[in-house]
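**Q** Sequence and predicted model, in that order:
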Amino acid sequence: NGVSIAVQPGQVTAIVGPNGAGKSSLLKAISGLIPMHQGEVSWSGQSIAGHSPKDIAMAGIAHVPEGRRIFAKMSVIDNLLLGGYLRQSRDIEPALQSVYAAFPRLQERLGQRAGSMSGGEQQMLAIGRALMTNPHLLVLDEATEGLAPLVREDIWRCLHTLRGEGQSILVIDKYVQKLIKLADQHTLM
């Protein structure tokens, strides 16, 4: 209600606030996962309010929801390949190599069922799958929630690398000190 934010190309925008403030709902509205009752979401100068999640993903917005939402019964590689469904076949292997560089553990577990991995590895997979879409905007809801400290640091390292590469990111996380170091701008809800 009354939220106004702008994510600039190549920048990281963090949203912080108490539980129940509407942070996750805002991200879901941007991604078309819940309907908006009023307001506007613009992407590249065009309104995307009311568009389907598929159309929004095809426009270049990749959403990593809270709770990861990987395909637990499928292998790691199949999860990643699903993320690459919008890519040309010639672009799949370079995209996979980029994900492996960000998260080497995923390459070690390509044939493993995704649901049998640790929570941190599942989060790496969820982010890797989103990166396979070649997003213009990466939307992360609770990027490091419930992860072991070492895995959390791996995620933060990856996000700093993506920022350095010019990836636009919209992120929610409870670790405000880490967000302050990562984000170019912060929105308090």
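**A** Everything's here; your move. Numbers count the residues shown, from 1 in each chain.

**Q** Mind naming the longest helix for the chain?
**A** Ranked by residue count, the top helix of the chain under DSSP state H comes out as helix 149-164.

**Q** List the contacts of the residue nearest to residue 39 when sequence neighbours are not counted.
**A** The shortest distance from residue 39 to any non-neighbouring residue, by Cβ to Cβ, 6 or more residues apart in numbering, is to residue 49 (7.1 Å). Glycine gets a C-beta too; all of them are placed from N, C-alpha and C. Residue 49 sits next to 36, 39, 40, 41 when contact means Cβ atoms under 8 Å, 6 or more residues apart in numbering.

**Q** Now do the strands in the protein.
**A** If DSSP state E is used as the criterion, the strands of the chain fall at 12-16, 42-43, 46-47, 61-64, 137-141, 168-172, 185-188.

**Q** Turn the ones you listed into CSV, including mean pLDDT, mean neighbour count and distance to residue 105.
**A** Below are those laid out as CSV (pLDDT from 0 to 100; neighbours: other Cβ atoms under 10 Å; distance: least, Cβ to Cβ, whole Å):
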stretch, mean pLDDT, mean neighbour count, distance to residue 105
strand 12-16, 94, 22, 24
strand 42-43, 90, 14, 32
strand 46-47, 90, 10, 38
strand 61-64, 94, 24, 17
strand 137-141, 95, 23, 18
strand 168-172, 95, 23, 21
strand 185-188, 92, 14, 30
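
**Q** would you list those strands in CSV and tack on distance to residue 151?
**A** Converted to CSV, the strands of the chain look like this (distance: least, Cβ to Cβ, whole Å):
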stretch, distance to residue 151
strand 12-16, 20
strand 42-43, 31
strand 46-47, 37
strand 61-64, 15
strand 137-141, 15
strand 168-172, 16
strand 185-188, 24
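
**Q** what about those, which gets the closest to residue 126?
**A** Distances from residue 126 to each of the strands of the chain were compared using Cβ to Cβ; the shortest belongs to strand 61-64, at 4.9 Å.

**Q** for that closest one, the distance to its chain's centre please.
**A** Centre-to-centre, strand 61-64 and its host chain are 5 Å apart (Cα atoms, centre = their mean, to the nearest Å).

**Q** what does stretch 146-153 give?
**A** Averaged C-alpha coordinates place stretch 146-153 at 17 Å from its chain's average position (Cα atoms, centre = their mean).

**Q** now do stretch 180-189
**A** The gap between where stretch 180-189 is centred and where its chain is centred comes out at 16 Å by Cα atoms, centre = their mean.

**Q** My guess is residue 175 contacts residue 153. True?
**A** No - no contact is recorded between residue 175 and residue 153 when judged using Cβ atoms under 8 Å, the distance being 10.5 Å.
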